[in-house]
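[1] How does the following fold in three dimensions:
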Amino acid sequence: QVPADDLLAKMERQAPLGYLGKVRQGIAENPASINRKTNKRFDDRWKVGEGVFALSAEEVNRLEMPEHEQQLLRPYHDLCDLDRYYLAEKPSLTLIYSTKQTCPEIQDFPVLKRHLARFKPIMDARRETRSQSNSWWHLHWPRDERLWQSAKIISVQMGARPSFVSTSKPAYVSFSTNVFVPDSTIGEHLDYVTGVMNSRLLWKWYQHRAKRRGAGLEINGNVLSMSPIRRIDFS
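    Now for the predicted structure:
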């Protein structure tokens, strides 16, 4: 990039996004689905693309879960559901939100136990499972569920152009995204902050501050939290 030190310095006199609220990475499943590398590691015992914690509508229907087990299911936005100013109204996947809080004992959910037990060798190989800091039937990093229930801005980590979308509705997203949840004391409207972050001006800033990966930019949580936002008191 052509040096832009004066412009960047002027922009960075504004408040960093992390000052306005929480920046967190999306959910790490355990895993979401079976990829080729994982399948090969375990002697090709599954089908590539088969859902583990993140299921298609067809996979959910095949499980035929009783009503009390369905309480662990959450609508789950895949990357194809996200874009600049765009969030699919209907998420393409369903997440088994199994955590220490929602599912302390897997025996209480026999259908889900039977489904997840097929993939138990993968979860047993995790360091956290071996150290007993996590149970094999739990998501790897579910985060605090209040993040997913709150109004937020969703940031796609990798792309040719930075992509942000705001939502006031519950939204669960994957490890390939980051989210910003504003503090309750912040007066700026989420749509305003989203507009600033999607602007050509911030695109210029990200080109200088984010890592380059191929033809795109990687906007990780650290870079996202430093995004300069001009404060406006909307009250």
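
[2] Can you read off the pLDDT for the residue positioned nearest the centre of the chain?
    The geometric centre of the chain, computed from its C-alpha atoms, lies nearest to residue 26 (CA atoms, centre = their mean), at 2.5 Å. With respect to pLDDT, residue 26 scores 97.

[3] Look up how far residue 163 lies from residue 219.
    Using CB to CB, to the nearest Å, one obtains 9 Å as the distance from residue 219 to residue 163. All C-beta atoms are positioned from the backbone trio N, CA, C, and that covers glycine.

[4] Pick out whichever of those two has more residues nearby.
    More neighbours sit around residue 219 than around the other of residue 219 and residue 163, counting by other CB atoms under 10 Å; the figures are 24 against 21.

[5] which helix of this structure spans the most residues?
    Ranked by residue count and defined by DSSP state H, the top helix of the chain is helix 200-209.

[6] what's that helix packed up against?
    The criterion is 3 or more CB pairs under 8 Å, 6 or more residues apart in numbering; DSSP states H and E, and the helices and strands that helix 200-209 contacts are helix 5-11.

[7] can we see that at 6 Å?
    Applying 3 or more CB pairs under 6 Å, 6 or more residues apart in numbering; DSSP states H and E, one finds that helix 200-209 contacts no other helix or strand.

[8] Report the rounded mean pLDDT for it.
    The average pLDDT within helix 200-209 is 96.

[9] Which strands border the host helix or strand of residue 75, and is each parallel or antiparallel?
    In this assignment (DSSP states H and E), residue 75 forms part of strand 73-77. Strand 73-77 has these partner strands in its sheet, going by DSSP bridges: strand 93-96 (antiparallel), strand 172-173 (parallel).

[10] can I get those in CSV with mean pLDDT?
    As requested, the strands paired with strand 73-77 are exported to CSV (pLDDT from 0 to 100):
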stretch, mean pLDDT
strand 93-96, 98
strand 172-173, 98
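
[11] quick one, which of these is nearest to residue 223?
    Put simply, out of the strands paired with strand 73-77 the one that sits nearest residue 223 is strand 172-173, at 17.6 Å, with distance taken as CB to CB.

[12] Show the subsequent helix or strand relative to that closest one.
    Next in sequence after strand 172-173, counting helices and strands by DSSP H and E, comes strand 177-182.
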